[in-house]
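K.L.:
A structural model of the following input is requested.
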Amino acid sequence: MMQPIPHLAFMPHVNGLRAIAVLSVIVYHLNSHWLPGGFLGVDIFFVISGFIVSASVGALDRVSLIKFMGLFYARRFQRIAPALVVCLLITCVATTLLVPSAWLSEGNQRTARAAFFGLSNFVLAKTSNDYFSPFTDFNPYTHTWSLGVEEQFYFVFPLLFFAWNFHATGRRWAVGLFVAALIASASYAAWITQSDKTLAFYMLTSRFWELAAGVLLFQVMTLCGRRFDIQVQTGQRAFGFAATASLALIIAGFAVVPESRAFPFPGALPAVVGALGMLGFMHGMRRDHVLMRLLANRPAQFIGKISYSLYLWHWPVFVLFRWTVGLDAPQYRVAAVTLAFVLATASYYWVESPLRRHRILRHKPS
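P.N.:
Here you go, the predicted structure:
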């Protein structure tokens, strides 16, 4: 049966990092001038996803590939689909009632239909308007592109990771496959970013390296094993400094966006490298360290806990405000953020959590 590695089962700094990621995205979507690189929070989510998914299946008993894939996909579906489907259905109804028929409507509807199947990034990549176009501000489903990338990654992940749980040779194969995939994806991203920024931004082929980086971090930490834990305990000051520098790198990426907008490569590197640093260097950090206290406090933990639902809900709420009363006045911004938090909290406790506690799925990879 699938069991998470004990020392990676719960890491409060990961929830804190999720909080940073989702809040940066929300601030950027409220007003991009406030945090020009806030959209890089999605890149942090990619790294976290690769790391956590690997940790959840990294200590399995040996099972067949078919069983491994079946259990993995069941858990992924249970984790992602319910909250997504509920959000999409309610957004579709609200959009029909509140958004006037306009020339953007057909594009919005195509994006919505594709989002149910994890393919909205393909629809958005085919449009002539990139992520930074003002037209995307009026599509309530634009944000689902990143979920499409993750869902497509999950179809590939088991095939590359399966060998990990089959002795040392299998682990070397798994590491080698992800290293090769990371290099190929990063190289492709560097090339396609120069010729087609829209395609580069939305597609898995140019984003795979970010998720693979999280996977490789887990693999390296696991292969180091006890040695890594000892290094953390004996080098608390150095690791604390490195983690703080990683956070500073993330903040710099949020604050300064190159005019070339070369995303995802190399533009996403500050977020990816910073996220890797925080995940790695904060592992085993003492609870009394100032950075751990910052990320493990109750507000950060709560926001990190509901971050998936908050990411789902904030964007359609913002878009519907733009279509109706507007999102420029301070009172409407406060109202929109408040409504997004209320809906996200309801989604977490009434949709996500009940299924996550289901006795059949409880011990499958998370």
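K.L.:
Can you point out the buried residues in stretch 106-113?
P.N.:
Under the neighbour-count criterion of 16 or more other CB atoms under 10 Å, stretch 106-113 has G107, N108, R110, T111, A112 buried. In this view, the C-beta of every residue, glycine as well, is placed from N, C-alpha and C.
K.L.:
Could you do stretch 257-269 as well?
P.N.:
Under 16+ other CB under 10 Å, the buried positions of stretch 257-269 are V257, A262, F263, P264, F265, G267, A268, L269.
K.L.:
State the mean pLDDT of it.
P.N.:
In this model, stretch 257-269 carries a mean pLDDT of 88.
K.L.:
what does it rub up against?
P.N.:
Contact partners of stretch 257-269, identified using CB atoms under 8 Å, 6 or more residues apart in numbering, comprise 36-37, 40, 43, 132, 186, 189-190, 193-194, 197, 200-201, 206-207, 209-210, 253.
K.L.:
from those, which would you call buried?
P.N.:
Counted by 16+ other CB under 10 Å, the contacts of stretch 257-269 give 37, 40, 43, 186, 189-190, 193, 197, 200-201, 206-207, 209-210, 253 as buried.
K.L.:
Of those, which is the nearest to H143?
P.N.:
F201 (12.9 Å; CB to CB).
K.L.:
can you tell me which residues contact the closest one?
P.N.:
A125, D130, Y131, F263, P264.
K.L.:
remind me, longest helix of this protein?
P.N.:
Counting residues, the longest helix in the chain under DSSP state H turns out to be helix 65-98.
K.L.:
Any regions of the protein where pLDDT drops low?
P.N.:
1-10, 103, 128, 229-230, 232-233, 260, 357-366 (pLDDT under 70).
K.L.:
quick revisit: tell me which entries of the buried residues of stretch 106-113 lie within helices.
P.N.:
Short answer: the buried residues of stretch 106-113 in helices (DSSP H) are G107, N108, R110, T111, A112.
K.L.:
mind checking how far the fourth one is from I66?
P.N.:
Same thing as T111. In this view, T111 and I66 are 34 Å apart by CB to CB, to the nearest Å.
K.L.:
can you check the second one too?
P.N.:
When distance is defined by CB to CB, N108 is 39 Å away from I66.
K.L.:
out of the ones in helices among the buried residues of stretch 106-113, who's nearest L247?
P.N.:
T111 (33.8 Å).
K.L.:
how much space between the closest one and P134?
P.N.:
16 Å.
K.L.:
got it, and L217?
P.N.:
With CB to CB as the criterion, L217 and P134 are 36 Å apart.
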